[in-house]
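Colleague: need a structure here:
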Amino acid sequence: MTRLSLSALMMTCATPLLAEVPQVAVDIAPVHSLVAQLMAGVGEPDLIVRPGASPHGYALRPSEARAVQQADLVVWMGEELTPWLEKPLSSLSGDARHIALLEQPATARLGYRDLAHDDHEDHDDHGDHKEHADHETQGDKGHDDHAEVAHDDHDGDHDHSGTDPHAWLDPGNASVWLSLLAEELAGLDPDHADRYRANAAEAQARLAELTVQIAAELQPMQGKPFIAFHDAYQYFERPFGLTLAGTVSLGDASSPSPARLAHLREEVVEEGVTCAFSEPQYNTALIETAVEGTGAAIFVLDPLGAGLEPGPELYPQVLRDMAASFAACAAR
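Modeller: I've put the predicted structure just below:
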């Protein structure tokens, strides 16, 4: 019996132990979708910010805090989008690897634009929305109860000379991140390295094809100004030649003043804006007020996929749905 037990033990020791699939937590649904595509056939990432919530201000539920705590890898846009997440990452995620996508050298970053309209005398030429910064492409599940993990209040008090964090809306960035994150996963889980890389290549090919389709669909929208709820779309505007005339709010979705809304209504009339875009998670009354009496129609843009099921198909569907909304505007 002893000899058999020893033999069995020796065989066990001689067999290489398979690495466990890494636990991955991702801040927002579009990036979670990219990671889910990479992990297809291997595992599933956890989503931190629940669908329908704004990432600009958020409090973690206990299950979301556990996902951060148990993660081997946390993927987030960075403090520019979710400044409240920095503290939980430091206190909860221990030795986990943190990847802030906006800090990656290959990420194309854009600066916030000057879209403030409260001071009328400073905006005689309000059709010229010059950006603060040049476009940089540098070689740079359990039970959810009602208790929340406390975080610092986020009232939209941002420095708008910084980086616009909505970089996932550029399909080029998504393609870059697929390669980057495939290598991160391969390093954590060498047994499935080939699968992660193959999944990345497949996802990139699908994304390239989708980008070509969207470019063709949006040609009629080029040169047709629109307004949006907040300044979240320049990463989508640039590759597809779209023109933003103004926004109800700024890039952090902070509440607009009455003066801002009044001035925006003037812009809608003067620039011949025929379309305005609201978002599912924000108060539609504000954008309705901004276009009241102008004849502009209101459509919906959902940059976070608030109305979609989280998972691998969410990111491409976000792009398709946004393209469809712009195309509907162009058809008016």
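Colleague: Correct me if wrong: L244 contacts F229.
Modeller: No - using C-beta atoms under 8 Å, L244 is not in contact with F229, being 11.4 Å away. For the C-beta atoms, the positions are set from N, CA and C on the backbone; glycine is no exception.
Colleague: Not counting its neighbours along the chain, what's nearest L185?
Modeller: Y196 (4.5 Å; C-beta to C-beta, 6 or more residues apart in numbering).
Colleague: who does the host helix or strand of the one you found touch, helix- and strand-wise?
Modeller: Here Y196 sits within helix 193-217, counting by DSSP states H and E. Contact partners of helix 193-217 among helices and strands, from 3 or more C-beta pairs under 8 Å, 6 or more residues apart in numbering; DSSP states H and E: helix 29-38, helix 171-188, helix 234-240, helix 314-330.
Colleague: And L244 and F229? Which one has more around it.
Modeller: F229 (25 against 20; other C-beta atoms under 10 Å).
Colleague: Neighbouring strands - and their directions - for the helix or strand just after the helix holding Y196?
Modeller: Next helix or strand after helix 193-217 toward the C-terminus (DSSP H and E): strand 226-228. With DSSP bridges as the test, strand 226-228 is paired with strand 244-247 (parallel), strand 275-278 (parallel).
Colleague: among those, which gets the worst mean confidence?
Modeller: In terms of mean pLDDT, the lowest-scoring of the strands paired with strand 226-228 is strand 244-247 (a mean of 92).
Colleague: quick check, distance from that strand to the centre of its chain.
Modeller: For strand 244-247, the separation from the chain centroid amounts to 20 Å (computed by C-alpha atoms, centre = their mean, to the nearest Å).
Colleague: With stretch 234-242 instead?
Modeller: What separates the centre of stretch 234-242 from the centre of its chain is 15 Å, taken as C-alpha atoms, centre = their mean.
Colleague: Give me the sheet partners of the helix or strand in which V75 is found and which way each runs.
Modeller: Here V75 sits within strand 73-76, counting by DSSP H and E. Sheet pairing for strand 73-76, assigned by DSSP bridges, gives strand 24-26 (parallel), strand 97-100 (parallel).
Colleague: how about low-confidence regions in the stretch 51-200 of the chain?
Modeller: 115-161 (pLDDT under 70).
Colleague: That one: helices as residue ranges?
Modeller: For the stretch 51-200 of the chain, the helices defined by DSSP state H, counting those that start in this stretch cover 62-70, 86-92, 171-188, 193-217.
Colleague: Now do the contacts for the residue nearest to L185.
Modeller: Each residue near Y196 by C-beta atoms under 8 Å, 6 or more residues apart in numbering is listed here: 38-39, 42, 182-183, 185-186, 189.
Colleague: Kindly recompute the last result at 10 Å.
Modeller: 38-42, 178, 181-190 (C-beta atoms under 10 Å, 6 or more residues apart in numbering).
Colleague: any idea how far it lies from A203?
Modeller: Here the distance between Y196 and A203 works out to 11 Å (C-beta to C-beta, to the nearest Å).
Colleague: Which stretches in the stretch 1-150 of the chain count as strands?
Modeller: Under the criterion DSSP state E, counting those that start in this stretch, the stretch 1-150 of the chain contains strands at 24-26, 46-47, 73-76, 97-100, 108-111, 136-137.
Colleague: Burial-wise, tell me which of these comes out on top.
Modeller: strand 24-26 (a mean of 28; mean count of other C-beta atoms under 10 Å).
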